[in-house]
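In: return atomic coordinates for the entry below.
(one chain, ligands or ions: 1)
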Amino acid sequence: MKFETKVIHAGIHPDPATGAIMTPIYQTSTYVQDAPGKHKGYEYARTQNPTRKALEDNLAALENGVDAVCFSSGLAAMDAVFKLLKPGDEVISTYELYGGSYRQMVQVFGPFGIKSHFIDLNDRNAIKDLINERTKLIWIETPTNPMLSILDIRQICNIAKKSNILTCVDNTFATPYLQKPLDLGADLVVHSATKYLAGHSDVILGAVVTSDKELAERLHFIQNATGAVPGPQDCFLTLRGIKTLHLRVQRACDNAVEIAAFLKKNRKVDKVFYPGFNDFPNHEVAKKQMAHFGAMVSFNLKSDTKRSANKVLNKTEIFSLAESLGGVESLIGHPASMTHASIPKKERLSIGLTDSLIRLSVGIEHADDLIADLRQALK
Ligand SMILES: *Cc1c(COP(=O)(O)O)cnc(C)c1O
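Out: Take a look at the predicted model:
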């Protein structure tokens, strides 16, 4: 089945009780049993819920996995993956990590004795130098936030496989419409479905998808044993959002092409960070592992101060100033004072995250209106 058909049909069955074509919101905590232990496969809603099950089956199909496990947020999904580890284990990840993921690794799992290393994951030798018998997981995020750097998923997974190390890819920015990490050799994929998958800025939800039955079983155990499950209404909204994933992401990507080209020519703009440019680092890798270059675009200003950035941020009318991304509406943000404020300035600058860097989450409005909005704001 093709992706465009899967988003609508995979895992979805008409409701057996009524024939309702849409998966109902099973807003229940428990299920009546015919006799003690004799039930229809559902006992208690932390353990199983039919709305959640439909979403899990759908996501497993979209990522070409065998199973998916949903959680109350993207970070709860990551937390479940880390609970596959134990004290003494080590993790290798990229230094350009989503801030919340970095915080969880260092401040939550660090004190539990799980040590995370942050390096340039495109540097094969740097990975090999760090690998030892305690290394159990490589955590990949690509494209990265907000510099949109591209990591070579297949290359990293090949190194990990030789040492029996698990690989997990945070696929939030790309979505399975653009990039399928399991096909490239990853063991696990994590999503903040809050972003493109749900796609309408109205849900917080996370998921882990895997190609390995045993990992899936352990994750379902963790889901039930620790309990960070999403509510059925949020699962319903995510399922509803996914039905148009291919249309939304394609349109947003098409808009991003035009916006990136416009910004590149604007004389107030210094650099534009967009993996679709021929001269962008690892553009060839992006071309190989992604179906399109995504709908996130970052840029900085020739006048590289927070004040200059603020002028632009205050002037846009269609782009709304907000954290998050991946909704139908376009958002604009200032990483240095918003999403990445907790990173020391020296570290920020070392990855190119300057004071005037502006990040766009390009939505699905008309490109002409979005460009006109940026043009007047940059004046
Ligand atoms: C938002 C985000 C997360 C965290 O997801 P929540 O649903 O907010 O918990 C993780 N990774 C990336 C890349 C994100 O953008």
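
In: quick check: buried residues in stretch 302-316?
Out: Ser308, Ala309, Lys311, Val312, Leu313, Thr316 (16 or more other Cβ atoms under 10 Å). For every residue, glycine as well, the C-beta is placed using N, CA and C.

In: what parts of the stretch 151-300 of the chain come near the ligand?
Out: When proximity is defined as Cβ under 6 Å from any ligand atom, the stretch 151-300 of the chain approaches the ligand at Asp170, Thr172, Phe173, Ser192, Thr194, Lys195, Ile204, Gly206.

In: nearest to His13 among the residues you listed?
Out: Nearest to His13 among those: Gly206, at 23.9 Å, using Cβ to Cβ.

In: ok, the closest one - contacts?
Out: Going by Cβ atoms under 8 Å, 6 or more residues apart in numbering, Gly206 touches 70-78, 190-194, 230.

In: how close does it sit to Val229?
Out: To Val229, Gly206 is 11 Å away according to Cβ to Cβ, to the nearest Å.

In: what do these two both touch?
Out: The contact lists of Gly206 and Val229 share Cys70, Phe71, Ser72, where a contact means Cβ under 8 Å, 6+ apart.

In: how is this protein divided into domains?
Out: By the record's domain assignment, the chain is partitioned as 3-242, 245-378 (automatic domain parsing).

In: any chance of those domains in a markdown table, plus mean pLDDT?
Out: Formatted as a markdown table, those follow (pLDDT from 0 to 100):
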| stretch | mean pLDDT |
| --- | --- |
| domain 3-242 | 97 |
| domain 245-378 | 96 |
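
In: find the nearest non-adjacent residue to Pro14, please.
Out: Ile21 (5.5 Å; Cβ to Cβ, 6 or more residues apart in numbering).

In: which SS state does the one you found fall under?
Out: What DSSP: H, G, I helix; E, B strand; the rest coil gives for Ile21 is coil.

In: quick one, what contacts Phe280?
Out: Ile150, Phe273, Tyr274, Ala286.

In: how about Cys70?
Out: Cys70 is in contact with 52, 55-56, 59, 77, 193, 205-207, 223, 229-230, 235, counting by Cβ under 8 Å, 6+ apart.

In: for Phe293, same thing?
Out: So Phe293 contacts Cys253, Ala256, Val257, Tyr274, Pro275, Gly276, Ala286 (Cβ under 8 Å, 6+ apart).

In: number of residues surrounding the fifth one?
Out: Here the neighbour count serves as a burial measure; for Pro275 (other Cβ atoms under 10 Å) it reads 25.

In: surely Phe299 is within a strand?
Out: Yes: Phe299 sits within a strand when classified using three-state DSSP.

In: let's have the chain start at 39 instead
Out: Yes, from this point I'll number from 39; that puts the last item at Phe337.

In: ok, residues contacting stretch 180-190?
Out: 132, 134-136, 159-160, 178-179, 191, 207, 211-212, 217, 311-313, 318-321, 323-324, 327, 332, 334-336, 371, 373, 377-378, 389-391, 395, 397.

In: with stretch 259-279 instead?
Out: Outside stretch 259-279, the residues that reach it (Cβ under 8 Å, 6+ apart) are 50, 60-61, 63-65, 83-85, 87, 89-90, 92-93, 96, 107-111, 114, 117-118, 121-122, 231, 235-238, 240-244.

In: for Val310, give me phi and psi.
Out: phi -110, psi 130 (degrees, to the nearest 10).

In: give me the beta-bridge partners of it?
Out: On the basis of DSSP bridges, Val310 is bridged to Phe337.

In: which of the contacts of stretch 180-190 are buried? Put it as a PyMOL command.
Out: Buried subset of the contacts of stretch 180-190, written as a PyMOL selection, criterion 16+ other Cβ under 10 Å:
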select buried, resi 132+134+135+136+159+160+178+179+191+207+211+212+217+311+312+313+318+320+321+323+324+327+332+334+335+336+371+373+377+378+389+391+395+397
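
In: name the helix or strand for Phe259, please.
Out: Using DSSP states H and E, Phe259 sits within helix 251-264.

In: show me how far that helix is from its chain's centre.
Out: 20 Å (Cα atoms, centre = their mean, to the nearest Å).

In: again, but for stretch 292-299
Out: 21 Å.

In: got a list of contacts for that stretch?
Out: Stretch 292-299 is contacted from outside by 310, 312, 314-315, 331-335, 398, 400-403, 405, 408-409, 412, using Cβ under 8 Å, 6+ apart.

In: go on, stretch 46-60?
Out: Outside stretch 46-60, the residues that touch it by Cβ under 8 Å, 6+ apart are 39, 61-62, 91-100, 277-278, 281.

In: what do you get if the cut-off is 10 Å, keeping everything else the same?
Out: Stretch 46-60 is contacted from outside by 39, 41, 44, 61-62, 64, 78, 88, 91-100, 106, 274, 277-278, 280-284, using Cβ atoms under 10 Å, 6 or more residues apart in numbering.

In: buried set for the helix or strand where Ile297 lies?
Out: Under the criterion of DSSP H and E, Ile297 resides in helix 283-303. For helix 283-303, a neighbour-count test (16+ other Cβ under 10 Å) marks 283-284, 286-291, 293-295, 297-298, 300-301 as buried.

In: ok, stretch 60-75 next?
Out: Residues of stretch 60-75 classed as buried by neighbour count (16+ other Cβ under 10 Å): Thr61, Ile63, Tyr64, Tyr69.

In: for these, work out which two are farthest apart.
Out: Between any two of the buried residues of stretch 60-75 (Cβ to Cβ), the greatest distance is 16.2 Å, for Thr61 and Tyr69.

In: quick one: the closest residue to Val146 other than its chain neighbours and Asp127, what's the gap?
Out: Of all residues not flanking Val146 in the chain, Asp117 sits nearest, at 7.5 Å (Cβ to Cβ, 6+ apart). Separation of Asp117 from Asp127 (Cβ to Cβ): 15 Å.
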